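[1] Need a 3D model of the following:
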Amino acid sequence: MSQATTVVVTGDRTTGPLHLGHFAGSLQTRLQLQEQHNPFLLLADTQALADHQGDYSKVRQAVIDVALDYLAVGIDPKKSTILIQSMVPELAELSFYMMNLVSVARLERNPTVKSELRAKGQERDVAAGFLSYPVSQAADITALRGTLIPVGADQLPMIEQTNEIVRRFNRMVGEDILNECEALLSDTTRLPGIDGKGKMSRAAGNFIALSASADEISAAVNKMYTDSNHLTVGSPGQIEGNVVFSFLDAFDSDSVKVAELKAQYQHGGLADSVIKARLNEVLQALLGPIRERRNELAKNPDEVLSMLLCGSAKARQTAVLTLHKVKKAMGMYYF
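    Sure thing, here's the model as predicted:
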């Protein structure tokens, strides 16, 4: 693309602190990106309301929790602009205009939306705000002039739909007001839940929070799924589907040692307790400093909120200019 690269990290509709699944993929990508760009990191409180109608205090607390996690893992507000979605009202206004550029049928065909509806056990009995969140995401991206969007593979349909909306709008007004964007896929596979059932998630309760205590980490590791057929120390064990080894692959920096453990486990002669002890040591070393930094940051919530408001104000400057161009192209100034 000819224009300068602008990285926009669209918000997950999270309702609580982040977990190791986030760290293994998206957070590490964001840490790398801030060294080369000045990304916009969006905390999607407005979108979260679609899942938590009336539970506003939970959504508000989630904003603070995620901000604390960002800062604790090393996201630097001087390098990354962290903003609150609802504090940039231009996003909502642009989203409203974009609603007229996509049909209900097209939204229902979005694979990401369909998958989430199935996971919720809902089809038609869903908030309109939830169904239309691809449009809200498109508004977030385009308002902030995003050209590079870090996403997981399951979010590719969202980027496709964003570009569809952009192309339709530009055709309607006869000029390229909004820019298309590209997906930046992480090369890290999704971290499984500690129970071995699907990906790690708060909804499934199979997660380890970034703020987990030492005892909570140990308890979670002890519960981890390994190989149900590995009944004795001497029997060969299986690596594929073994959650402990999935975590060691993701977080143990000594790949040679991990390879040795895998070989010994597959041959026979290595107890599950040994690999769990190794993982517990690795996770304690990783999460201990994060937890300490988070606890220190949490002592000054006003400073965290001030940082978020400053980031939102900075992002709003870009969104205001984009919305001005959109409304001018639509002929929606009456003076």
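[2] Tell me, how many residues neighbour residue 301?
    Applying other C-beta atoms under 10 Å, we find 12 residues neighbouring residue 301. From N, CA and C alone the C-beta is placed, and that goes for glycine too.
[3] From residue 289, how far out is it?
    Distance of residue 301 to residue 289, given as C-beta to C-beta, to the nearest Å: 21 Å.
[4] List the contacts of the helix or strand encompassing residue 60.
    Using DSSP states H and E, residue 60 sits in helix 56-73. The contact list for helix 56-73, computed with C-beta atoms under 8 Å, 6 or more residues apart in numbering, reads 14-18, 22-23, 27, 30-31, 41, 43, 45, 48-49, 52, 77, 80, 82, 84, 210-211, 290-291, 293-294, 297-298, 301, 304-305, 307-308.
[5] where's the helix or strand just after it relative to the chain centroid, distance-wise?
    Heading C-terminal from helix 56-73, the first helix or strand you meet, by DSSP H and E, is strand 81-84. Counting by C-alpha atoms, centre = their mean, to the nearest Å, strand 81-84 is centred 14 Å from the centre of its parent chain.
[6] Identify all contacting residues around strand 81-84.
    38-43, 45, 63, 67, 70, 75, 307-309, 311-312, 314-316.
[7] Quick one: end-to-end distance for stretch 148-158.
    For stretch 148-158, the first and last residues are 13 Å from each other (C-alpha to C-alpha, to the nearest Å).
[8] what about the helices in the stretch 101-250 of the chain?
    104-109, 111-120, 128-131, 133-143, 156-173, 214-223, 243-251 (DSSP state H, counting those that start in this stretch).
[9] Columns mean neighbour count, mean pLDDT and distance to residue 194 on top of those, output as a markdown table?
    Formatted as a markdown table, the helices of the stretch 101-250 of the chain follow (neighbours: other C-beta atoms under 10 Å; pLDDT from 0 to 100; distance: least, C-beta to C-beta, whole Å):
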| stretch | mean neighbour count | mean pLDDT | distance to residue 194 |
| --- | --- | --- | --- |
| helix 104-109 | 13 | 90 | 34 |
| helix 111-120 | 15 | 78 | 19 |
| helix 128-131 | 16 | 84 | 28 |
| helix 133-143 | 27 | 95 | 28 |
| helix 156-173 | 18 | 96 | 27 |
| helix 214-223 | 15 | 97 | 5 |
| helix 243-251 | 21 | 95 | 6 |
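[10] and of those helices, who's closest to residue 204?
    helix 111-120 (9.8 Å; C-beta to C-beta).
[11] Restricting to C-alpha, output that closest one in PDB.
    The C-alpha coordinates for helix 111-120 follow below in PDB (Å, rounded to 0.1, in the frame of the first residue of the first chain):
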ATOM      1  CA  PRO A 111     -18.300 -17.000   9.500                       C
ATOM      2  CA  THR A 112     -16.900 -15.300  12.700                       C
ATOM      3  CA  VAL A 113     -20.400 -14.100  13.700                       C
ATOM      4  CA  LYS A 114     -22.000 -17.500  12.900                       C
ATOM      5  CA  SER A 115     -19.300 -19.300  15.000                       C
ATOM      6  CA  GLU A 116     -19.900 -17.100  18.000                       C
ATOM      7  CA  LEU A 117     -23.600 -17.400  17.800                       C
ATOM      8  CA  ARG A 118     -23.300 -21.200  17.800                       C
ATOM      9  CA  ALA A 119     -21.000 -21.000  20.800                       C
ATOM     10  CA  LYS A 120     -23.600 -19.000  22.600                       C
END
